[in-house]
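Participant: pasting the sequence and the predicted model now:
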Amino acid sequence: MTHNTILFKKRNKFLIPQQNNFISGAAVAAFCRNCEGLGYIPSLAFLESFQCLDQYTAELIHNEVIFELKNARGVAKYAPLYPNFPRQVMDATESFLYLNATAHYLTAFLSDITDGAFEIWTPKFATSKRETLRDKIKLEVFELGSEQDLSDIFSQLVTSNTSLSQEDKDAIEWFVQNGDIELTKPIPNKENLAIIGSLLIKNKTPGVELILKGYVKTATDVLRIACAMNGGDVSLATPTKFTTFKRSERRALLGFLESSNGSDEDLARWAGRWIRLAEKLHPGEYRKHFPNTWEAFYRLRSGNLDQSFNSKVESAIKTKNTKVIRHLLSSRPGDFARRLDKVVRDSQDTELLIDAWKKVADKVSTPVLLQVKEHFYNRMKPSTDRVFFPKGNIAKVQCIPNTLPDLQFQNCLSVANICSNVLSNRFSQLPNLGKIYINPELKNYLLPFSQRSASSGLRRLVRGSKVAIEGGKNVVRFFIHWKDGEGRTDLDLSACLYDGDWNKSEDIAYYNLRDNKFGAFHSGDITSAPNGAAEYIDIDLSKVVKSGSRYVIMMVNSFTGQTFNTIPEISAGWQLRNKSQSGEVFESKTVVDRFDITSTSKQLMPLIIDAVDRCVIWCDAAITINGRYSNNVASNKNAIGILGKAFTHINKPNCYDLFMLHSSRGVLVSSKELADTIFDVNEGIKPTDLEIIASQFMQ
């Protein structure tokens, strides 16, 4: 990762040296042509600086920019099994497709049982000349960046009020390794504090104890940092296997423990993990330096820690002691918020609890208030399913039947209104935004509460967001590119079609390469990719609608059983064009989305296309494999359909509602031309500006 990788991914900008030289107009024109071929064009400000470079520096910048643009679009010279796709598959006889597949699978089997001694057979075809792509492509403009942009990105990542993606963590690591780190603002998210703290400690940053002083406040903060240092789950949803720490690292962690507050309760909550961590920290060696910490670990092993807060709350809930529940939870507003639904529905004195909630709601973080507000507003609506995004690093979404008992309408409304009032008052204290324009389309974009397992890609979207498809173009082309990992790696690209009631229509997969009714064609199954491979699927959206179907689910399966994160290279995405046979099979300028697949799963649902509403629903969701004999979409059709339906009916806080809460900071206007502050899909504050939203509008 470089500074320009960060700038381009986060701001669509590049930082280049400021010089007073001059390169030829031909060199500038060549640079622009190369960018246009990838679907981009530089801004005027960028070109003005670029043409003032010397020839050597201009070549370096040219190569760096083109590398980033190619990576963003997923450019890879990997050929599908049928290189003249889709026409080659359209025109082939069933026997031709069947014999090729049989020979390919048989030799793959022989290769496996001979430990690779038998060569896998693949058909060889000459590549035919293709019709020139004549689609009108809207080029993406990239801008000239600055050092201030980099500084702002770091500040926004650090002050983000939600968990960070792996891409964000990589960016923070670059900042830690390549610049002087100055923490002057609060770090509201504990997981992010753990990431930053672990990087500072592992990189032996001078004065790390002083830098983190005031940030690391509890023993659980220290536990998260230790997990981060071992590459574990900082959300603490899953245990971490601790390894040996360096002496300097042990001293730092024990020092933070010594100065932390309420360690008994934190140790009791995660007792098993603390015992395992203590075996690596050796607190007895530092008994004289950190006596309180040594005594706390002694009490932990002796089982003499005070009863935990959660135990007291659970006991009160079990006995339905409303006064004790109110007293305990009022002292911990965050816990109150997370338990609010249960205690309200189980309480014999609901008004007492809602009144207690009203008194402490202003002490609850903005992200939690937003989720509580949305939850109680939607509690008033009938729903057959509940959708969960569990903690942890696996993007596994859970969908279960909604068995929650009903709550009185007025109670739900009271709780939701309390949250809205607190948020409006909180935001009104922030700096004035002047005249504000908010695009109603932002209702389709969800807020970034948890990005810890989000995929890195061309567009940074939150799971469940709905993005409009460009009008007039009907052919969607899914793609995956990959290389073998340890041993033969067989990945499968599939498309599952459903009607509007979520009844299965058809699968387009390695076992069904074409269906003319849907205008759907598969480029052929490749079972090994030592030098890289590609699979494609074309879907004609107008034919999908005409057939009576509606939803098209993109699926990626690891047939040979490797988890995606162990495969050295795997990316996927989709293109959009007017005609399927025009242009090359992979045309970078037609790529709408491209993303890396790094999930620790073996089956992924990247997205759903709603052919009727002409939108894409971003999922990035792992699915537990149910297939007994093979990992394909046919053996997992029930789970795919249930999860697909859940994503189309998801109810989570959205960008529009958040920005409307901020409208108290100015005056709403009806057009962008009149506005000082713009919240829009394509300009101003955009739903893809995740770190800006999380740090500046969810604080």
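Facilitator: Arrived safely.
Participant: looks like Thr600 contacts Gln562 (just checking).
Facilitator: No - here Thr600 does not reach Gln562: they are 10.7 Å apart, not a contact under C-beta atoms under 8 Å. C-betas here are computed from N, CA, C, even on glycine.
Participant: who's more crowded, the two?
Facilitator: Gln562 (19 against 15; other C-beta atoms under 10 Å).
Participant: ok so Tyr377 is a strand residue?
Facilitator: No - going by DSSP: H, G, I helix; E, B strand; the rest coil, the assignment for Tyr377 is helix, not a strand.
Participant: that one and Met660, how far apart?
Facilitator: Distance, Tyr377 to Met660, using C-beta to C-beta, to the nearest Å: 14 Å.
Participant: repeat that for Ile275.
Facilitator: Relative to Met660, Ile275 is positioned 48 Å away (criterion: C-beta to C-beta).
Participant: among the two, which residue is more densely surrounded?
Facilitator: Higher neighbour count among Ile275 and Met660: Met660, with 19 against 13, using other C-beta under 10 Å.
Participant: show me the contacts for that one.
Facilitator: Neighbouring residues of Met660 by C-beta atoms under 8 Å, 6 or more residues apart in numbering: Ile438.
Participant: what helix or strand is Asp525 on?
Facilitator: Asp525 is part of no helix or strand, with elements assigned from DSSP states H and E.
Participant: same deal with Leu257?
Facilitator: If you go by DSSP H and E, Leu257 is part of helix 247-259.
Participant: what's that helix in contact with?
Facilitator: Counting by C-beta under 8 Å, 6+ apart, 201-202, 204, 208-209, 212, 216, 219, 221-222, 225-226, 229, 245, 263, 280-283, 286, 289-290, 292-293, 296 sit against helix 247-259.
Participant: next: stretch 21-29.
Facilitator: Under the contact criterion C-beta under 8 Å, 6+ apart, stretch 21-29 has outside partners 47, 50-55, 57-58.
Participant: picking that back up, just the buried positions in the helix holding Leu257, please.
Facilitator: Within helix 247-259, the residues that count as buried by 16 or more other C-beta atoms under 10 Å are 249-258.
Participant: kindly report the same for stretch 675-691.
Facilitator: By neighbour count with 16+ other C-beta under 10 Å, stretch 675-691 contains the buried residues 675, 677-681, 684-691.
Participant: nearest to Gly519, of these?
Facilitator: Val681 (28.3 Å; C-beta to C-beta).
Participant: hang on, isn't that closest one packed against Lys672?
Facilitator: No - counting by C-beta under 8 Å, Val681 stays clear of Lys672, with 11.1 Å between them.
Participant: and the helix or strand encompassing Asp507, what does it pack against?
Facilitator: Taking DSSP H and E as the definition, one finds Asp507 inside strand 504-508. Helices and strands touching strand 504-508, by 3 or more C-beta pairs under 8 Å, 6 or more residues apart in numbering; DSSP states H and E, are strand 491-499, strand 514-515, strand 520-522, helix 637-648.
Participant: if I look at Thr384, how far off is Lys637?
Facilitator: Shown here: Thr384 relative to Lys637, a distance of 19 Å by C-beta to C-beta.
Participant: between these two, which has more neighbouring residues?
Facilitator: With neighbours defined as other C-beta under 10 Å, Thr384 and Lys637 compare such that Lys637 has more, 16 against 9.
Participant: residues contacting the more buried one?
Facilitator: Going by C-beta under 8 Å, 6+ apart, the list of residues near Lys637 reads 496, 504, 507.
Participant: now Lys320
Facilitator: Lys320 touches 346-348, counting by C-beta under 8 Å, 6+ apart.
Participant: could you redo these as a markdown table and give each row distance to Arg301?
Facilitator: Below are those laid out as a markdown table (distance: C-beta to C-beta, whole Å):
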| residue | distance to Arg301 |
| --- | --- |
| Asp346 | 36 |
| Ser347 | 38 |
| Gln348 | 41 |
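Participant: ok, those residues vs Ile418, which is closest?
Facilitator: Of those, the one sitting nearest to Ile418 (C-beta to C-beta) turns out to be Ser347, at 16.0 Å.
Participant: I figured the closest one hits Ile325, correct?
Facilitator: Yes - proximity of Ser347 to Ile325 meets the contact threshold set by C-beta under 8 Å, at 7.4 Å.
Participant: which residues are common contacts for those two?
Facilitator: What both Ser347 and Ile325 touch, as defined by C-beta under 8 Å, 6+ apart, is the set Leu353.
Participant: between the two, tell me which one has more neighbours.
Facilitator: Neighbours were counted for Ser347 and for Ile325 using other C-beta under 10 Å; Ile325 has more, 26 against 19.
Participant: you'd agree that one is up against Val313?
Facilitator: Yes - applying C-beta under 8 Å, one finds Ile325 in contact with Val313, separated by 7.0 Å.
Participant: tell me the domain boundaries of this structure?
Facilitator: 3-73, 147-302, 310-385+403-427, 430-448+654-697, 466-625 (automatic domain parsing).
Participant: relative to Phe85, which of the ones you listed is closest?
Facilitator: Phe85 lies closest to domain 466-625 among the domains of the chain, at 4.1 Å (C-beta to C-beta).
Participant: just give me the neighbour total for Val556.
Facilitator: Counted with other C-beta under 10 Å, the neighbours of Val556 add up to 24.
Participant: then Pro440?
Facilitator: By the measure other C-beta under 10 Å, the count of residues near Pro440 is 8.
Participant: so it is in contact with Tyr656, correct?
Facilitator: Yes - if you go by C-beta under 8 Å, Pro440 and Tyr656 touch, sitting 6.3 Å apart.
Participant: mind listing what His522 touches?
Facilitator: Shown in contact with His522 (C-beta under 8 Å, 6+ apart): 89, 493, 508-510, 512-514, 535-537.
Participant: export those residues to a markdown table and tack on pLDDT?
Facilitator: Below are these laid out as a markdown table (pLDDT from 0 to 100):
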| residue | pLDDT |
| --- | --- |
| Val89 | 96 |
| Leu493 | 97 |
| Ile508 | 96 |
| Ala509 | 95 |
| Tyr510 | 95 |
| Asn512 | 95 |
| Leu513 | 96 |
| Arg514 | 95 |
| Glu535 | 97 |
| Tyr536 | 98 |
| Ile537 | 98 |
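Participant: look up phi and psi at the nearest residue to Asn203 once chain neighbours are set aside.
Facilitator: Leaving aside its sequence neighbours, Asn203 sits nearest to Val176 (C-beta to C-beta, 6 or more residues apart in numbering; 5.6 Å). Torsion angles at Val176 (phi, psi; degrees, to the nearest 10) stand at phi -60, psi -40.
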